[in-house]
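# Below are the sequence and a predicted model for it; my questions follow.
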Amino acid sequence: MEERRIMSLSCDKDAEIFGNSIKQVEGELELINGNQR
């Protein structure tokens, strides 16, 4: 049971990091698109 909780905690952390990196990429894409206009 304990192991499963640790697994889900690390999955949440990974998802959080993944979500942040997606936002970062989207922000960079917006900058690139904004510079082209």
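Alright, I've got the coordinates.
# switch to C-alpha atoms for all contacts and neighbour counts from now on
Will do.
# where are the low-confidence patches of the protein?
Within the chain, the stretches with pLDDT under 70 are 1, 37.
# For it, which segments count as helices?
In the chain, the segments counted as helices under DSSP state H are 2-36.
# Glu30 - how many residues pack around it?
Other residues within reach of Glu30, judged by other Cα atoms under 10 Å, total 12.
# what's the answer for Glu2, then?
Neighbours of Glu2 (other Cα under 10 Å): 6.
# before we move on, what about Lys13?
12.
# Same question for Val25.
Around Val25 there are 12 other residues, counting by other Cα under 10 Å.
# Could you report the distance from it to Ile32?
According to Cα to Cα, to the nearest Å, Val25 and Ile32 sit 11 Å apart.
# before we move on, what about Gly19?
Between Gly19 and Ile32 the distance is 20 Å, computed by Cα to Cα.
# Could you do Ser10 as well?
Relative to Ile32, Ser10 is positioned 33 Å away (Cα to Cα).
# Also Lys13?
Here Lys13 is placed at a distance of 29 Å from Ile32 (Cα to Cα).
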